[in-house]
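Q: When you get a sec, could you give me coordinates for this:
(chains A and B)
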Amino acid sequence: MTEAVKAKKPRGRARVIPGKCAACGARCQSACPVDCIEMTEAGEPVVSAEKCIGCLKCVKVCPASALEMFFTPEEQKILAELAQAAAPEVDEEELERQRRIAPFRGVWVFVEQNDGEPARVSWELMGSGRSLADSLDVELSAIIIGSGVGKLAQEAFSYGADCAYLIDQPVFARYRTEPYLETMCYLVEKYKPEVVLMGATGMGRDLAGAVATRVKTGLTADCTGLDIDDKRNLMQTRPAFGGNIMATIMCDKYRPQMATVRPHVMPLPERQPNATGRVLPESFAISESSIFSRVLEVITDKSGKDRVDVAGAEFIVSGGRGLMAKENFAILEELAGELGAVVGGSRSAVDAGWLPPDRQVGQTGKTVRPKIYIACGISGAIQHLVGMQDSDVVIAINRDPEAPIFEVATFGIVGDLFDVVPALTTRIRELKQARA
Amino acid sequence: MIVVACIKQVPDTTQVQIDPVTNTLIRDGIPFIVNPYDSHALEESLRLKESHGFRAVALSMGPPNAEATLRKALAAGVDRSILLSDRVFGGADTLSTSNVLAAAIEKLAQEDEIGIVFCGKQTIDGDTAQVGPGIAVRLGFSQLTLVDRIEKIDLAKKTVTVRRKLEGRYEIVEARLPAMITVVRELNRPRYPTVPMRLASAKAQVELWNNEVLKLDVNTVGLKGSPTWVSRIFSPQRSEGEILGDGLKDPVGAALLLVDRLLEKDLLAV
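A: Numbering: from 1, shown residues only, chains lettered A, B, ... in the order given. Below is the predicted model:
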């Protein structure tokens, strides 16, 4: 019985750190192998100390670091003694993970196109993809699927791609989920990329969600930050809870790691027209008769020329509830006219019918990053801030000094927009006339 | 034929605030609501019930208190409401969520043919728009996202024609049934439950399907079946701005100051 003298390593008990739980959806309860965690109505855990076996699983899965291990003074003493004699442990799980992900190499950007016209977000992603590929020391590939889209390969090179997988067949003329899904899965299976990026557009979200499900891997939507950690894993940061907090999402055990990014979140890289790369033609056997969906008609939203593109504008004058009435948007239009800006608005303005829905800036509208964003009479609900806080300069004009919009403003004027905005317009007009 | 509406109970994210001292979410008293996009999915399932005689079933995966949301669906007029709830479903990301929902739909399909599964285009808490496509792929259904109009349902030919609302354009797409359709707000206007229906729904039974019913591999659901996990949550960092002049007393002065600042930074092309 001499062995009994050697103390067993105490495992401690989990406990909740008050005030830190984010009610993430009972991850800790789900992770607990002995069912010792109950959730309150508010979604916070209660750990039963008698049942806890100290397995650490709940502590590891908690995204808010709201759980910790607790040791009695006696246990702490034993731990300290053991620590002196401890040998480094081999982490079998980590070795298995590395074996599993090792065959996957390279960063891919899906090049979205409609009628051969590339979506700008694809080139924005090429910029992010380039820095990820450089960190990983791998190639950046463009994935081009369509009909008559060969010319997009050169475009992809000019925005930073090393090579382009090109699938050019009549069956891909119009985007449909099935053929694009099958083709993407075929390519992923064959070439095994470690990262796949797509635009968070109607098409990108439709395809990404389908591909990730088929490939059985993780997909993180609407990322605002992408980076690589010290184990070659993609750190995907995105707004959560309607933009109230930011969350970093990992997909370390599965490959490829897939992410979507909304248009105008990442800056457009500078175009290098002389850049070159390798075109890798591919084909995928799929016949029209095996596809059960057809695009019968495409209706372009209004005529192209009088459509106002808020998302792509360099200057935006935006109005919210403080405008009080539809007619009052005339004063914003006047300022916008002087600045060469377009007029956008908050959800309240759109819901009130003061602006068409395509002018809405924010989480349920468009994400913008203009050079100057002038928010007039917008209080700055988090859903709005998420959509415009990356603008180079934010100017807030609001009567309420406590309005959250001032928290993201580069310059703020606490005042009545009906006085300030016309004064601003007049001043800019005077300056222009003086120069002329 | 069955029409399914997938609905989710979400915290009203427009009412969430951050505690400026501890940088954590203040959740006390934040109401749970039906995800706004899902209420349009629910409404469309009721319209198909009325126009085509489909049986409308509402499905929701969530904690036990999500029963309240499903009761509302009963009040609105669905024939059945089923709550998919189990400890092992907790902590799910979109991949394992679609696994549970698809399994439930498959189970319903043993009773009667599934025509259409409606989902909201995304939720307001997760904002991923991924669960709908996940369900479609798992079940091999046609996938039609961002639908703002149902043009035609042809039960003889087993096709559905919809209008999809995309960036700057609409597409009219015809696809084979069964289909999974995600809907945008423009599709319809959700009804208010009538008082008699509300009263009836108070007595109606929300069915509970746990994993003893669905019999899914526990490694493919909930946290264990989720390839993604949250490693960190933090508050967005914001830099201090500058308040210019006294806009209330001297709006013109404040405007002049602002123009000066913009000229200094070379931001005005005048």
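Q: mind listing the strands for the stretch 1-150 of chain A?
A: Assigned by DSSP state E, counting those that start in this stretch, the stretch 1-150 of chain A shows strands spanning A:13-16, A:37-39, A:45-47, A:67-70, A:107-111, A:113-114, A:117-118, A:140-146.
Q: Any part of the fourth one near chain B?
A: Right, the one you point to is strand A:67-70. No. Remark: strand A:67-70 sits outside contact range of chain B, by CB under 8 Å from any CB of the partner chain, the gap being at least 13.2 Å. C-beta: built from backbone N, CA, C; applies to glycine.
Q: Which one of the strands of the stretch 1-150 of chain A lies nearest to A:R321?
A: Closest of these to A:R321 is strand A:113-114, at 35.1 Å (criterion: CB to CB).
Q: list the contacts for the closest residue to A:S346 other than its chain neighbours?
A: Leaving aside its sequence neighbours, A:S346 sits nearest to A:G320 (CB to CB, 6 or more residues apart in numbering or on different chains; 3.9 Å). By CB atoms under 8 Å, 6 or more residues apart in numbering or on different chains, the residues touching A:G320 are A:345-346, A:348-349, A:375-379, A:384.
Q: so A:G277 touches A:G160, yeah?
A: No. A:G277 is beyond contact range of A:G160, at 9.2 Å (criterion: CB atoms under 8 Å).
Q: What pLDDT does the model give residue 13?
A: Going with chain A. Predicted confidence (pLDDT) for A:R13: 91.
Q: wrong one, I was asking about chain B
A: 75.
Q: Neighbours of it, how many?
A: Each residue near B:T13 was counted by other CB atoms under 10 Å in any protein chain shown, and the total is 22.
Q: same check, this time on A:E50
A: Residues near A:E50, counting by other CB under 10 Å: 7.
Q: Could you find the closest non-adjacent residue to it?
A: Nearest to A:E50 is A:C36, by CB to CB, 6+ apart, at 7.9 Å.
Q: The one you found contacts A:C55, doesn't it?
A: No. When contacts are counted by CB under 8 Å, A:C36 is not listed as touching A:C55 (9.8 Å).
Q: coming back round to it: with mean neighbour count added, can I get the strands of the stretch 1-150 of chain A in TSV?
A: Conversion of those to TSV gives the following (neighbours: other CB atoms under 10 Å in any protein chain shown):
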stretch	mean neighbour count
strand A:13-16	20
strand A:37-39	18
strand A:45-47	18
strand A:67-70	18
strand A:107-111	29
strand A:113-114	20
strand A:117-118	15
strand A:140-146	27
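Q: now those strands as TSV including distance to A:G218?
A: Formatted as TSV, these follow (distance: least, CB to CB, whole Å):
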stretch	distance to A:G218
strand A:13-16	26
strand A:37-39	24
strand A:45-47	24
strand A:67-70	23
strand A:107-111	15
strand A:113-114	26
strand A:117-118	27
strand A:140-146	19
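Q: Let me know which of these is the nearest to A:D309.
A: strand A:117-118 (13.8 Å).
Q: out of the contacts of A:G320, who's nearest A:C21?
A: For those, the nearest to A:C21 is A:H384 (27.4 Å; CB to CB).
Q: and the strand or helix carrying the closest one, is it in reach of chain B?
A: Taking DSSP states H and E as the definition, A:H384 sits inside helix A:382-388. Yes. Judged by CB under 8 Å from any CB, helix A:382-388 comes into contact with chain B at A:382-383.
Q: name the helices or strands packed onto the helix or strand just after that helix?
A: Beyond helix A:382-388 in the direction of the C-terminus, DSSP H and E gives the next helix or strand as strand A:393-398. Packing partners of strand A:393-398 (3 or more CB pairs under 8 Å, 6 or more residues apart in numbering or on different chains; DSSP states H and E): strand A:372-376, strand A:411-414, helix A:417-435.
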